[in-house]
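below is the sequence, then the predicted model.
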Amino acid sequence: MTEPIFELKDVVVTVNQGTPEQINIMDHVNLAIYPGDFITILGSNGAGKSTLFNVIGGNIRVTSGQIRLHGRDITNMSVERRTRFLSRVFQDPKMGTAPRMTVSENLLLSMKRGQHRGLGPRRLKQSMAHFKDITSVMNNGLEDRLNTATGKLSGGQRQALSFLMATIKRPEILLLDEHTAALDPQTSQELMNATNSQITAHHLTCLMITHHLDDALKYGNRLIVLDHGKITYDIAGDEKDNLTKEELLSFFNDIEG
Amino acid sequence: MSIIVSAIGQGLEWGIVGIGLFLTFRILDFPDMTVEGTFPMGAAACVAAIYHGYPPFVATLIAFAAGMLAGLVTGLLYTKGKIPVLLSGILVMTAAYSVNFRIMNRANLSLYGKPSMLRNHFLASLPPYFDTVTLGLLFVTIVTILLIYFLQTNLGQAFIATGDNPTMARSLGISTDTMQIMGLSVSNGLIALGGALVAQNNGFADVNSGIGVIVVALASIIIGEVIFGDLTMNERLIAVTIGSILYRFVILIVLKLGFNANDLNLISAIVLALFMMFPVFEKRFRLRHTFTRGLSSHD
């Protein structure tokens, strides 16, 4: 058995501590992520999907439990330090890019994710050919808009750029937070296809939150369901491949009921 | 004629103040009120240092360092103390008033009979007011070139990204706290540098000279933007200085109309308000359309 890249050990996040509204938004969660895992995450609103990503990313401090990277305790590591191995695409196209900077400037920023940024010249021109190559993969005209401010791009182009920025320097773990949800159905489908082919081609380890049962079934090798801050369902491999939408739906109805 | 040359000289010196504010107001998107304390602080530190026998150039650098220190305090209050940036600036601005008084031991200190950068042999040999223009041009050029270089470095790009989208910046491993502290420090250092130059030009430092500085500096930025429209980051930095010189011309005209120096803050505020409302006027009266029609040849 291979060693997990990343582990959550009995993680609890409590909010409103010491008040009548005290609640565990992350309730004794154990999760081991293995190299090459493409995990789709389902759960109703407030189930703890975003909390899970914020715990992994370091945006939320855990109340108790441990977070490990390659077996090493990183529970108290800062958000900035975690970007050395982790990247993230947000749901809102506005969140992942700098609007007044150009597409190529944004890509250049992301090439130095988690690295020291010093007083050396940025060397934008030397990277333009590389940027042209990787943007043309997205098939949405991004390669012709490298010198456009990202604020002037369409939502689909902006999200495609966010995805490229998250993967241009291969992360050990990629977090996709409903990154196609704000787009129209067709654009959303195109980005989802591009996402899947990139993840497969580069063997990225990825966690993807989605609201689409179809996407959750179609993509990835593993599926987890969150409810009230707990992982209530975690299947992988053949078992996931054989799962039908009806079974998944009935499972959801159990939760709701 | 000499009055126009004098206005250009002042415009260049105040251009440095405008560029300083540009770093926080435009790039970081911060309303930083510290500047009303750091401008007189630069003046006070420079004049006091000259009184203590430091060469004027060294005294000017001391002023820059004093401004950076004040900006650093604002940055720490905001990032580490979690005080909103507007209030952090107001706190440091208020505290600076007392500090400036301490630096000079009085409210007003004259440079009469003391050396200043304007009293070196070369500058003194120039026609009247050209000394200020030369010195102002020298400093504003150095500051602009250094900033243009800085903004094209990896660190500079991280700084711009922090102002543009802090969430994204953090997700790329940029320490936004560090960037904001750095921006506030350098910005206030430049504003104090401007204060030091203006003090040497005026021949005195005054603890009350900070009032209205933010409006004057903002006017330089906005005038440059309204006149030149869409520009690259590098061009925008240069536009601030040009805006600053044009602002001096506006003031010159207003003073010619019979207003006096005590009306200046009112006039500054009106000038800034008018330029900031320009986009509204433009829409309502189709100004740009009228301009271009007036300027194009008739068929």
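Nice, I can see it.

distance check, residue A:90 against residue A:59.
Residue A:90 is 11 Å from residue A:59, where distance means Cβ to Cβ, to the nearest Å. Every C-beta, even on glycine, is put in place using the N, C-alpha and C of the backbone.

have a look at the two and say which one is more surrounded.
residue A:90 (22 against 16; other Cβ atoms under 10 Å in any protein chain shown).

which residues touch the more buried one?
A:96, A:162, A:177, A:179, B:167, B:171 (Cβ atoms under 8 Å, 6 or more residues apart in numbering or on different chains).

now the two most distant members of those residues.
Spatial extent of these (Cβ to Cβ) is set by the pair A:179 and B:167 at 14.4 Å.

that older thread, out of the contacts of residue A:90, which end up buried?
Among the contacts of residue A:90, the ones that count as buried by 16 or more other Cβ atoms under 10 Å in any protein chain shown are A:96, A:162, A:177, A:179, B:171.

looking at these, which are in strands?
Mapping the buried ones among the contacts of residue A:90 onto strands (DSSP state E) picks out residue A:177.

and the residue most central in space within chain A, what pLDDT?
Residue closest to the mean C-alpha point of chain A, counted by Cα atoms, centre = their mean, is residue A:175 at 1.5 Å. Looking at residue A:175, its pLDDT stands at 96.

what about it, distance to residue A:90?
From residue A:175 to residue A:90 the distance is 9 Å (Cβ to Cβ).

which element is residue A:26 on?
Per DSSP states H and E: residue A:26 is located in strand A:23-33.

state the mean pLDDT of that strand.
93.

buried residues, it. List them.
A:24, A:25, A:26, A:27, A:29, A:31, A:33.

who are the contact partners of the fourth one?
Looking back up the chat, that one is residue A:27. A:12, A:48, A:228, A:229, A:230.

what does the second one give?
With contacts defined as Cβ under 8 Å, 6+ apart, the neighbours of residue A:25 are A:13, A:14, A:15, A:48, A:51, A:229.

out of those residues, list just those in strands.
A:13, A:14, A:15.

for these, pick the one with the most neighbours.
In the ones in strands among the contacts of residue A:25, the most neighbours by other Cβ under 10 Å go to residue A:13, 22 neighbours.

do you know how far the closest residue to it other than its chain neighbours is from residue A:11?
Nearest non-adjacent residue to residue A:13, counting by Cβ to Cβ, 6 or more residues apart in numbering or on different chains: residue A:26, 3.8 Å away. Using Cβ to Cβ, we find residue A:26 at a distance of 6 Å from residue A:11.

which residues are in contact with both of the two?
The contact lists of residue A:26 and residue A:11 share A:55, A:62, where a contact means Cβ under 8 Å, 6+ apart.

give me the neighbour count for residue 143.
All of this refers to chain A. Around residue A:143 there are 16 residues (other Cβ under 10 Å).

I was after chain B.
By other Cβ under 10 Å, neighbour count at residue B:143 equals 19.

doesn't it fall inside a helix?
Yes: assigned with DSSP: H, G, I helix; E, B strand; the rest coil, residue B:143 falls within a helix.

report all helices and strands that the lengthiest helix in chain A contacts.
Looking across chain A with DSSP state H, the single longest helix is helix A:185-202. Using 3 or more Cβ pairs under 8 Å, 6 or more residues apart in numbering or on different chains; DSSP states H and E as the contact test, the elements touching helix A:185-202 are helix A:155-167.

list the buried residues in the helix it packs on.
Neighbour count says helix A:155-167 has A:156, A:157, A:158, A:159, A:160, A:161, A:162, A:163, A:164, A:165, A:166, A:167 buried, by 16+ other Cβ under 10 Å.

with stretch B:50-61 instead?
B:50, B:51, B:54, B:56, B:59, B:60, B:61.

against chain A, how distant is the third one?
According to Cβ to the nearest Cβ, to the nearest Å, residue B:54 and chain A sit 29 Å apart.

can I assume that residue sits in a helix?
No: according to three-state DSSP, the state of residue B:54 is coil, so it is not within a helix.

settle this for me: residue B:218 is touching residue B:24, isn't it.
No: look at residue B:218 against residue B:24 with Cβ atoms under 8 Å: they stay out of range, at 11.0 Å.

does chain A have contacts with the longest helix along chain B?
In chain B, with assignment by DSSP H, the single longest helix is helix B:176-202. No: figure legend: helix B:176-202 not in contact with chain A (Cβ under 8 Å from any Cβ of the partner chain); closest approach 8.6 Å.

could you give the mean pLDDT of the helix or strand containing residue A:231?
For residue A:231, the enclosing helix or strand under DSSP H and E is strand A:230-236. Summarised as a single mean, pLDDT over strand A:230-236 is 89.

list the buried ones in that strand?
Those would be A:230, A:231, A:233, A:235, for strand A:230-236 by 16+ other Cβ under 10 Å.

which stretches of the chain form strands?
Let's take chain A. According to DSSP E, the strands that chain A contains are A:6-15, A:23-33, A:38-42, A:64-69, A:72-73, A:86-89, A:173-177, A:206-209, A:222-227, A:230-236.

wrong one, chain B
So, for chain B - with DSSP E - the strands run B:108-110, B:204-206.

and the longest helix of chain A, what's buried?
Under 16+ other Cβ under 10 Å, the buried positions of helix A:185-202 are A:187, A:188, A:190, A:191, A:192, A:194, A:195, A:196, A:198, A:199.

which of those residues sit farthest apart?
Most distant of these, by Cβ to Cβ, are A:187 and A:199, 18.5 Å apart.

please report how far the residue nearest to residue B:213 when sequence neighbours are not counted lies from chain A.
Closest residue to residue B:213 apart from its sequence neighbours, by Cβ to Cβ, 6+ apart: residue B:39 at 4.4 Å. Here residue B:39 is placed at a distance of 28 Å from chain A (Cβ to the nearest Cβ).

list the contacts for residue B:39?
With the criterion set at Cβ under 8 Å, 6+ apart, residue B:39 makes contact with B:17, B:191, B:192, B:194, B:195, B:198, B:209, B:210, B:213.

let's go with 6 Å and repeat that
B:191, B:195, B:210, B:213 (Cβ atoms under 6 Å, 6 or more residues apart in numbering or on different chains).

ok, which pair from the residues you listed is furthest apart?
Farthest pair in the contacts of residue B:39, by Cβ to Cβ: B:191 and B:210, 9.6 Å.

which one of these two is surrounded by more residues?
Neighbours were counted for residue B:191 and for residue B:210 using other Cβ under 10 Å; residue B:191 has more, 37 against 25.

the more buried one touches residue B:19, doesn't it?
No: counting by Cβ atoms under 6 Å, residue B:191 does not reach residue B:19; the two are 9.1 Å apart.
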